[in-house]
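Participant: Sharing a sequence plus its predicted fold:
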Amino acid sequence: MDSQGNDFLGAGKLAPKHLGLLHGKLAHQLLIWPIMQKFSIFLVAAAAAVALYSTLSGWVTMDDSSPNSGVPLELDYDGYSEGINTVLYDSNGDINYTLRASRQYHYKDQSSRLDEPYIRLFKDGSSHWNIVAESGHIAGESTDSVAGNINSIDLSGDVEVYSLDEHGNRTVLSTQFLTINPESETMETDLPVDMVTTTIKQSGIG
């Protein structure tokens with residue numbers, strides 16, 4: 001007992017009430033520690049799952065994208081070319097028609113797809129019909145494997161057929177789908193067609 005009448009224990013010793021408080025804190029820490037361990041393990045597992053998902057997502061994105069953004073991903077074509085320019089001649093050696101396209105895909109069934117086709121039909125050595133479209137399709141059976149002539153071309157997407165006569169008068173036919181035979185210079189469609197000349201404007205079906 002000190003001069004003020006307070007009890008105390010020697011240095012390095014704790015009073016019983018302090019021992020009880022310490023015991024309670026220690027028990028609480030021992031109870032919290034396993035919970036913290038489990039929570040830490042959960043966080044690590046969650047982080048690993050997020051990292052794995054991000055990696056797999058990156059792989060899927062890479063697989064779905066085309067190596068060349070300007071070329072669509074195709075799985076069944078066996079030939080590809082850019083900037084094609086084909087000239088076909090008649091039996092007399094005169095130009096019959098020309099075919100241009102920004103891209104051409106040749107498929108295993110011998111059909112072809114054209115991007116931005118441009119066809120010019122010739123008569124007496126000069127072009128008298130010009131045809132443009134967004135895309136074109138040539139069926140495998142539409143091509144003469146011997147002569148190389150094309151019997152039929154399906155054009156789609158903003159198809160325009162235009163010509164100028166000897167007086168400079170312009171005629172324009174517009175539709176969304178058109179089948180043409182370059183050899184016979186015939187054209188047909190079941191869709192609406194607009195015809196515009198310098199003097200008239202008409203619309204019809206087919």
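Facilitator: Perfect, I can see it now. Numbers count the residues shown, from 1 in each chain.
Participant: where exactly do the helices run in the chain?
Facilitator: Taking DSSP state H as the criterion, the chain carries its helices at 16-64.
Participant: tell me the domain boundaries of it?
Facilitator: 1-65, 77-205 (automatic domain parsing).
Participant: Could you identify which of those domains has the lowest mean pLDDT?
Facilitator: Mean pLDDT is lowest for domain 1-65 among those, at a mean of 46.
Participant: Not counting residues beside it along the chain, what's closest to residue 170?
Facilitator: residue 164 (5.6 Å; CB to CB, 6 or more residues apart in numbering). Using the backbone N, CA and C atoms, a C-beta is placed for each residue, glycine as well.
Participant: Could you count how many residues lie near that neighbour?
Facilitator: The number of residues packed around residue 164, counting by other CB atoms under 10 Å, is 12.
Participant: pretty sure it contacts residue 197?
Facilitator: No - proximity of residue 164 to residue 197 does not meet the contact threshold set by CB atoms under 8 Å, at 10.9 Å.
Participant: Identify the contacts common to those two.
Facilitator: Shared contacts of residue 164 and residue 197 (CB atoms under 8 Å, 6 or more residues apart in numbering): 170-171.
Participant: Look up the closest residue to residue 101, ignoring the ones flanking it.
Facilitator: residue 114 (4.1 Å).
Participant: Bridging across strands, which residues link to that neighbour?
Facilitator: Beta-bridge partners for residue 114, by DSSP bridges, are residue 104, residue 136.
Participant: any idea how far it lies from residue 102?
Facilitator: Counting by CB to CB, to the nearest Å, the gap between residue 114 and residue 102 amounts to 8 Å.
Participant: Could you check which of the two is surrounded by more residues?
Facilitator: Using other CB under 10 Å, the more surrounded residue of residue 114 and residue 102 is residue 114, with 24 against 13.
Participant: ok, now which ones touch that one?
Facilitator: By CB under 8 Å, 6+ apart, the residues touching residue 114 are 84, 99, 101, 103-104, 135-138, 153.
Participant: Narrow the residues you listed to those that are buried.
Facilitator: 99, 101, 103-104, 135-138, 153 (16 or more other CB atoms under 10 Å).
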